[in-house]
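# generate coordinates for the sequence data below:
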Amino acid sequence: MLRRVRQSLRQVLLLMARRPDLLCGAIVFSVLLILAVKFTCSRAKDVVATARPPVRFFSAEAPVVDLYLGQLDQVERLRSMAEVSFIFFYAPWCAHSMAARQEVQQVAKKLAKQVQFVAVNCWWSQGKCRRQKHFYHYPIIHLFYRRFGPIEYRGPFVAPYIESFTLKVITPLTYLPTRAHLEEFLSSHEPGVVGFFQFNSSPQPPGYITYLSSALQALRRDFHGIVRFGVVTNKHVAEAISLGEDETVYLHRRFNSSLIFPRKKQNFTSEAICNWVFQHHETVLQWLHPPGIKSRLLEAELMKGPALLLFMPHNPLQSEPSAALQQFADIAVRYHSCDHSSTDDSFPFYTSLCCQSVLVPESRTSVCEVCLRLSGPSIPNSSTRCLFPSVSQEGDRFGTYLKCCCLHQLPSPISIKTATSEGCSHYVNSYSPFTQFSACCKTVEPQLNESKAKEEPRLPLTPPPPSVPPSSAPKQEEDGIRGLHCRTNRTLRFYVLDVGLNWPLAERLGASSHKNSSLHQEASTGGNRNHDGSFVAIVNLKYEVHYVLHHDPDATLTESLETFIRNFSSPYSHLQRYLVGEDDRKEGEDEAKHPEEQRHKQRLFITELTTSSFVSSIMDHQKDVLLFYYTQWCGFCSVLNHVLIQLARLLQGNNNITVARVNVARNDLPWEFMVDHVPSILLFPRYRKHLSVKYPNDRPITLPNLLRFILQHSGSLHQANRSSAGAQGSEPGTVLHAEFRALQREVQTLHHARERLSQQLAQLWRKNRQLKFDMRSIEQSLEKQMQEKSRRLADALKRLQELADASETLLNENVLLKVLLRALKDRTEAEEQAEVERAETGQENSHQAS
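Prediction:
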């Protein structure tokens, strides 16, 4: 092994001895490689540049504690010092965070005394917030009420909405000290929850904290605060809704019986109360706030069925809703009010009632009139027995129902002072669809109630005669919108959107674009009663249609909405599908201002159609219309533009043919004129618009094919044939003359087309010839350059070969000289050694001789 290594080293040394330039190159390359490795290793720590230290995101004047280093531990300390905390997580580079910064500063200046505002930089890599929080988007707002939280804000990052949500977190409960406040609280269209807690025994009853937490839990689910929570501490006020037990939660419902939280069946926790409320509450009006990014919120709501959308300016900080919103809410309530008194006439199957008045337990001013509705198409005679569960085996269940008789509805403001009004609710005794009870809660005078209690201590029977009408309550005036939800299969869902935040959607549905500035102004000022800037549309996503309400200046918003809803709900609706197209009103203004541009537009070969001009243009009986369907995102449509332009140029002298196109992505068309794909071409012949012809899909769209298609299906030829057929009884010369004139016109048209084609072909031929000449000259110049470069390369190669031979000769001579020098050196060394030896021997001999 060592011998092989020695031999290889000797060969390398001999090669280097023959090629000293190779030895020098290897040494220089090795030195450079060592220096490069050393320099790289010494600078390895400085390859990644350190990030710049963060700076304050909020201004120093803003009342916001800016933790721009991501100190998450400071957030806990600041939270413990304040009752309500507002935490704003941001990234300094995020454009949404920068836009929300100004809105948060406005809110902080107003609520700095009540709320602790903290901003945390969650993008700084060395901060705790970046390591502990894993957010997928910015900014994020969390609110804390004492130890409860976080409550994430999911609404628009606009100052009024953020302030409104913060105020709801500050006061999640509404205190109801009197019956008037309770009536006003429950009279709103929004769902209401009332909790009854007595603060006599302790400063804060145990259930009150749980109820407060449930209100905050509701804000987590719905930032708009649709479900409102109130608290009653006076027992006299609680008796207005028949609440007698302490720590009771009452859910008010308009259309069904109101409910009390079942503490015996469910745990009295904040999550259980919140789930129970959202499971059983009734909502007739829903706010929609699309986030402005890719989201399926709007699609999920519209897929549920037809939707009535109201776009209106909204200020969430208003103490009272606007007049337009109140009218819209009133219509929604009446639309969903499917009371049985109004449906008895439409359902005559339930015709007989047996009633008895029953004293409501634990109440001295309420009487529950229980009526048994029997099945049958006729009114029973006087011998019909009225069997109530009170005398049967279901007496316990009947007693349970009596306790909830007057819980369904808060009495009207008149019923508290007088005893002339009543309300009714209906509950099913069993699962049989032919028997049910109706319970009507009446308010009577206390003296009359006590006399009845003395005379009839049990269940006093007061059956009315058969001639009494089934409904005990007075009939209301006929209202075409009341209960329409239960009388039609085309039910509507009511939604409200802020027009200032969702203007692009309103504009796409058909809102006038010139109202945009006024709508934003009204949104900031709260709107106007006469000019509220509202926009109403019905969207039916299933059938891909929508209808727009056109306000009548002589009618109120309520009347217009009622008529609009009734027309939609009728079996044969009078509403017309609203078609949204490109706004071409500006063209008229530009025409008046710039007559030169108008003359230029008149010289255009292709007519651009919109929704408003579509039907009138293609239904022109004096012209053949060739229509081209396209979209701005269709690549095949762009490729065919030059073919369409050439065709329009060829037919520009013919006044009987119009070449038009329509952008189906920006212009809604009637269903009968829609196509299933783009690009598509249709021809509407002259005098025969009902016999439109579609260009075959299997035929290439070229200029000759389009001309052949037009000549084959044009209405001018058919009209000439029809006139010639009607004149068969006239002289033969007239018929021949008409045919000759028609053929002459066609020949002239083709002749003009041929001349234009020949001119274009000649121009193309000249351009092609010029391109060939240019290509040939370029090839010749490139060939000369290549020959010159190849000659120079050959000369350089020859010189290099000569240098290599000379160097080889020099190397050989150098080696030979080295060998000769070595031999001479060895010879001289041997002679010197021999002389030294001879001298030594001579000295020894002389020494011996002496």
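
# let me know how buried residue 320 is, in neighbour terms.
Residues near residue 320, counting by other C-beta atoms under 10 Å, number 8. C-beta here means a position set from N, CA and C on the backbone, and glycine is covered the same way.

# so what's residue 274 scoring on pLDDT?
If you check residue 274, the pLDDT there is 90.

# state the helix or strand in which it lies.
Assigned by DSSP states H and E, residue 274 belongs to helix 270-280.

# residues in contact with that helix?
Applying C-beta atoms under 8 Å, 6 or more residues apart in numbering, the external contacts of helix 270-280 come out as 191, 193, 210-211, 213-214, 216-218, 221, 227, 249, 251, 253, 259, 261, 266.

# return the subset of these lying in helices.
Those of the contacts of helix 270-280 mapping onto helices are 210, 211, 213, 214, 216, 217, 218, 221, per DSSP state H.

# with distance to residue 681, pLDDT and neighbour count as new columns, can these be given to me in CSV?
Shown next, in CSV, are these (distance: C-beta to C-beta, whole Å; pLDDT from 0 to 100; neighbours: other C-beta atoms under 10 Å):
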residue, distance to residue 681, pLDDT, neighbour count
210, 70, 90, 19
211, 69, 91, 25
213, 67, 91, 20
214, 64, 91, 27
216, 62, 91, 22
217, 60, 90, 21
218, 58, 90, 24
221, 53, 86, 13
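
# closest one of the residues you listed to residue 337?
Nearest to residue 337 among the ones in helices among the contacts of helix 270-280, counting by C-beta to C-beta, is residue 218 at 25.2 Å.

# show me what contacts that closest one?
Applying C-beta under 8 Å, 6+ apart, we find residue 218 in contact with 225, 227, 229, 274, 277, 278.

# return the set of buried residues in the helix holding residue 274.
The neighbour-count check on helix 270-280 (16 or more other C-beta atoms under 10 Å) flags 270, 272, 273, 274, 276, 277, 278 as buried.

# can you list contacts of the very next helix or strand once past that helix?
Following helix 270-280 in sequence order, the next helix or strand is strand 286-287 (DSSP H and E). Defining contact as C-beta under 8 Å, 6+ apart, one finds that strand 286-287 is touched by 224, 226, 301, 493, 494, 495, 496, 497.

# repeat that with 7 Å
Here strand 286-287 makes contact (C-beta atoms under 7 Å, 6 or more residues apart in numbering) with 224, 226, 494, 495, 496.

# among those residues, which one has the most neighbours?
The most crowded member of these, judged by other C-beta under 10 Å, is residue 496 (24 neighbours).

# how close does it get to residue 329?
Separation of residue 496 from residue 329 (C-beta to C-beta, to the nearest Å) stands at 9 Å.

# can you list residues touching both of those two?
With C-beta under 7 Å, 6+ apart, residue 496 and residue 329 have common neighbours residue 285.

# ok, the residue nearest to the spatial centre of the chain to residue 256 distance?
Using C-alpha atoms, centre = their mean, the residue of the chain that lies closest to the mean C-alpha position is residue 295, 3.8 Å off. In this view, residue 295 and residue 256 are 32 Å apart by C-beta to C-beta.

# quick one on the thing from earlier: any chance of the contacts of strand 286-287 in TSV, with pLDDT, secondary structure and distance to residue 141 too?
Shown next, in TSV, are these (pLDDT from 0 to 100; DSSP: H, G, I helix; E, B strand; the rest coil; distance: C-beta to C-beta, whole Å):
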residue	pLDDT	secondary structure	distance to residue 141
224	79	coil	15
226	83	coil	19
494	93	strand	29
495	92	strand	25
496	91	strand	23
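
# out of those residues, which is nearest to residue 93?
Lowest distance from residue 93 to the contacts of strand 286-287 (C-beta to C-beta) belongs to residue 224, with 30.4 Å.

# which residues does the closest one contact?
Residues near residue 224 by C-beta under 7 Å, 6+ apart: residue 287.

# give me phi/psi at it?
When quoted as degrees, to the nearest 10, the phi and psi of residue 224 stand at phi -80, psi -20.

# and if you look at residue 61?
Torsion angles, degrees, to the nearest 10, at residue 61: phi -80, psi -20.

# which residues sit in contact with it?
Contacts of residue 61 (C-beta under 7 Å, 6+ apart): none.

# where exactly do the helices run in the stretch 251-400 of the chain?
270-280, 297-302, 323-336, 395-403 (DSSP state H, counting those that start in this stretch).

# let me know which of those is tucked in deepest.
helix 323-336 (a mean of 20; mean count of other C-beta atoms under 10 Å).

# mind giving me the packing neighbours of it?
strand 307-312, strand 493-498, helix 557-569 (3 or more C-beta pairs under 7 Å, 6 or more residues apart in numbering; DSSP states H and E).

# for residue 87, which of these is the nearest?
Nearest to residue 87, of all those, is strand 493-498, at 25.4 Å by C-beta to C-beta.

# quick one: buried residues of the next helix or strand along the chain from that closest one?
Remark: after strand 493-498, the chain's next helix or strand is helix 503-509, criterion DSSP H and E. Neighbour counts using 16+ other C-beta under 10 Å place 503, 505, 506, 507, 509 of helix 503-509 among the buried residues.

# which one of those is nearest residue 245?
Nearest to residue 245 among the buried residues of helix 503-509, counting by C-beta to C-beta, is residue 505 at 47.9 Å.

# pLDDT averaged over stretch 50-58, what's the number?
85.

# next, the buried residues of it.
54, 57, 58.

# got the contact list for that stretch?
By C-beta under 7 Å, 6+ apart, the residues outside stretch 50-58 that reach it are 64, 66, 68, 69, 90, 92, 101, 105, 119, 121, 124, 125.

# which of the helices and strands packed on helix 323-336 sits closest to residue 610?
Taking C-beta to C-beta, strand 307-312 is the member of those nearest to residue 610, at 23.5 Å.

# so where is this protein shaky, pLDDT-wise?
Within the chain, the ranges that satisfy pLDDT under 70 run 41-49, 201-203, 292-294, 339-479, 513-532, 583-603, 715-740.

# ok, the spatially closest residue to residue 644 that is not a sequence neighbour - contacts?
The shortest distance from residue 644 to any non-neighbouring residue, by C-beta to C-beta, 6 or more residues apart in numbering, is to residue 628 (5.7 Å). Neighbour list for residue 628: 644, 661, 679, 681 [criterion: C-beta under 7 Å, 6+ apart].

# out of those, which is nearest to residue 109?
Nearest to residue 109 among the contacts of residue 628: residue 661, at 55.2 Å, using C-beta to C-beta.

# so the closest one: helix, strand or coil?
strand (DSSP: H, G, I helix; E, B strand; the rest coil).

# how many residues are close by it?
Residue 661: 20 neighbours (other C-beta under 10 Å).

# which SSE is the residue nearest to it when sequence neighbours are not counted in?
Leaving aside its sequence neighbours, residue 661 sits nearest to residue 628 (C-beta to C-beta, 6+ apart; 4.0 Å). Residue 628 belongs to strand 624-630 when assigned by DSSP H and E.

# before we move on, back to that, dump the buried residues of stretch 50-58 to CSV, plus distance to residue 835 and secondary structure.
CSV is the format used below for those (distance: C-beta to C-beta, whole Å; DSSP: H, G, I helix; E, B strand; the rest coil):
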residue, distance to residue 835, secondary structure
54, 91, coil
57, 98, coil
58, 103, coil
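
# next, format those residues as TSV and append distance to residue 691.
Formatted as TSV, the buried residues of stretch 50-58 follow (distance: C-beta to C-beta, whole Å):
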residue	distance to residue 691
54	73
57	69
58	71
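
# for the lengthiest helix in the chain, what is the distance to the chain centroid?
Assignment by DSSP H gives helix 732-849 as the longest helix of the chain. The chain centroid and the centroid of helix 732-849 are separated by 63 Å under C-alpha atoms, centre = their mean, to the nearest Å.

# which strands and helices sit next to it?
Counting contacts by 3+ C-beta pairs under 7 Å, 6+ apart, helix 732-849 is packed against helix 715-726.

# perfect, that will be all.
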